[in-house]
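Participant: Got a predicted model here, sequence first, then my questions.
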Amino acid sequence: MEARHEFFHAPGDGEFWSESHYLDVVGDDVAAHARIGFYPNRDTANVFAYLLDGLDADATVYRLRDDAVALDHVHGLTVDAPDLRFEMVPERVGRDWRVAFGGRAARCTGAEAVVASAGEPVEVDVELTTRARHEPFRYSRGTDWPGGETEDRYEVATRVEGAARIGVGDGDPDRTFELNGPGERDHSWGRRDWTDGEWLWISGAFDDGTAYNHLSAWPAGHGPSEMDPVITNGFWFDGDETHAITDATVGADPVFGAPTGSEWMETGAAPDIDLTLSWAGGSADLTVSPGATTPVDWAGEGTGHRAVLNRSPSVQTRDGGVAGRGWLENMTQLEQG
């Protein structure tokens with residue numbers, strides 16, 4: 001991949017042209033994900049960052065989110081707002097990055113509290129280093145992609161090392177713990193209108209050294225129980241090289257859709273997912289059990305349109321026996337209200 005694709009791209013036309021950087025990690029009973037996004041044609045930036053103490057539905061979630069960071073606090077991939085700090089810095093272009101976030105987070109228990117940011121404010125600091133396991137995989141070189149170089153994304157399976165600190169208060173010492181494990185880093189640029197469709201984005205790494213990233217996408221109001229995806233993309237990493245995913249079969253119990261997405265967002269009740277991925281020369285059958293959700297709710301300005309992006313760490317099994325873990329997100333269009 002050309003080094004220029006690690007940095008900012010000239011924005012295209014339209015209100016919803018966006019560019020974002022993202023990293024996740026799943027450790028031993030702890031996880032995190034962080035994202036910074038830009039809408040240059042709207043003069044808007046946003047940051048989502050979540051630290052999970054535990055992986056199951058009863059995990060404690062530390063939520064840092066600002067949907068409209070004041071631009072005088074944004075300097076490239078660095079944010080220095082009063083209650084929010086965020087930084088992504090490349091250490092080796094195309095390979096290794098340092099990612100840090102912190103500030104005054106809401107300590108939440110339960111999906112409904114996470115959505116509402118209903119929790120005691122506490123200080124958190126997270127410092128991570130992410131090391132790529134392979135060259136970035138660009139979706140424009142995958143099986144289905146409606147964009148191109150002007151609207152693209154890349155994905156990288158990574159190894160992440162770092163630590164987190166949580167302020168306890170009341171004179172007690174802060175809690176600190178390691179945050180090490182497999183992760184996924186991505187960078188995307190192009191039109192991002194959350195009313196357009198529904199999707200499952202998922203990544204994972206297994207104990208035998210394999211890893212993957214996958215995207216299946218459907219038109220708004222549809223899903224795998226109703227039709228084949230209109231976009232199938234991603235890679236399988238065999239430990240040495242990546243292979244473009246050519247076909248995918250997705251199943252969820254209960255099925256993806258507004259009732260499941262709403263229940264997931266409100267109560268943390270996630271569907272079990274079965275996923276079969278194929279590539280030239282191989283295939284894999286995956287079972288995925290999502291854990292705690294860190295839902296991002298969305299409402300269109302003045303339109304009544306609603307959507308939810310449920311993002312969860314997951315325990316995964318490949319071909320009936322190889323253990324793994326990763327993150328996933330499911331975009332669901334909700335009934336307008």
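Facilitator: In hand now; what should we look at?

Participant: Where does pLDDT dip in this structure?
Facilitator: Applying pLDDT under 70 to the chain picks out residues 1, 3-4, 168-172, 337.

Participant: Mind doing that once more with 50?
Facilitator: The model of the chain has no residue with pLDDT under 50.

Participant: can you pull out the helices in it?
Facilitator: 111-116, 258-267 (DSSP state H).

Participant: can you redo these as TSV with mean neighbour count?
Facilitator: Quick note: C-beta positions are derived from backbone N, CA and C, even for glycine. As requested, the helices of the chain are exported to TSV (neighbours: other CB atoms under 10 Å):
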stretch	mean neighbour count
helix 111-116	19
helix 258-267	18
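
Participant: Out of those, which is closest to residue 138?
Facilitator: Taking CB to CB, helix 258-267 is the member of the helices of the chain nearest to residue 138, at 29.0 Å.

Participant: How far does the closest one sit from its chain's centre?
Facilitator: 18 Å (CA atoms, centre = their mean, to the nearest Å).

Participant: With stretch 324-333 instead?
Facilitator: Using CA atoms, centre = their mean, the offset of stretch 324-333 from its chain centre is 7 Å.

Participant: Flag every buried residue along it.
Facilitator: 324, 325, 326, 327, 328, 329, 330, 331, 332, 333 (16 or more other CB atoms under 10 Å).

Participant: Then stretch 88-97?
Facilitator: 88, 94, 95, 96, 97.

Participant: who touches it?
Facilitator: By CB atoms under 8 Å, 6 or more residues apart in numbering, the list of residues contacting stretch 88-97 from outside reads 1, 3, 6, 21, 23, 36, 77-78, 98-99, 129-132, 135-136, 185.

Participant: among these, which ones are buried?
Facilitator: Using 16+ other CB under 10 Å as the burial test, these include 6, 21, 23, 36, 77, 99, 130, 131, 132, 136, 185 as buried.

Participant: on that earlier part again, of the buried residues of stretch 324-333, just say which sits nearest to residue 73.
Facilitator: Nearest member of these to residue 73, counting by CB to CB, is residue 329, at 26.3 Å.

Participant: so where do the strands sit in the stretch 51-200 of the chain?
Facilitator: Assigned by DSSP state E, counting those that start in this stretch, the strands in the stretch 51-200 of the chain fall at 60-66, 74-75, 78-81, 84-92, 96-109, 120-132, 137-138, 152-166, 175-178, 181-191, 197-206.

Participant: name the helices or strands packed onto the first one?
Facilitator: By that I understand strand 60-66. strand 44-53, strand 96-109, helix 111-116, strand 120-132 (3 or more CB pairs under 8 Å, 6 or more residues apart in numbering; DSSP states H and E).

Participant: go with 10 Å
Facilitator: If you count contacts as 3 or more CB pairs under 10 Å, 6 or more residues apart in numbering; DSSP states H and E, strand 60-66 packs onto strand 30-39, strand 44-53, strand 84-92, strand 96-109, helix 111-116, strand 120-132, strand 152-166.

Participant: Export those to CSV and append columns for distance to residue 320.
Facilitator: Output for the helices and strands packed on strand 60-66, formatted as CSV (distance: least, CB to CB, whole Å):
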stretch, distance to residue 320
strand 30-39, 25
strand 44-53, 27
strand 84-92, 37
strand 96-109, 34
helix 111-116, 30
strand 120-132, 29
strand 152-166, 22
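
Participant: out of the ones you listed, nearest to residue 267?
Facilitator: Ranking the helices and strands packed on strand 60-66 by distance to residue 267, with CB to CB as the measure, places helix 111-116 first at 6.0 Å.
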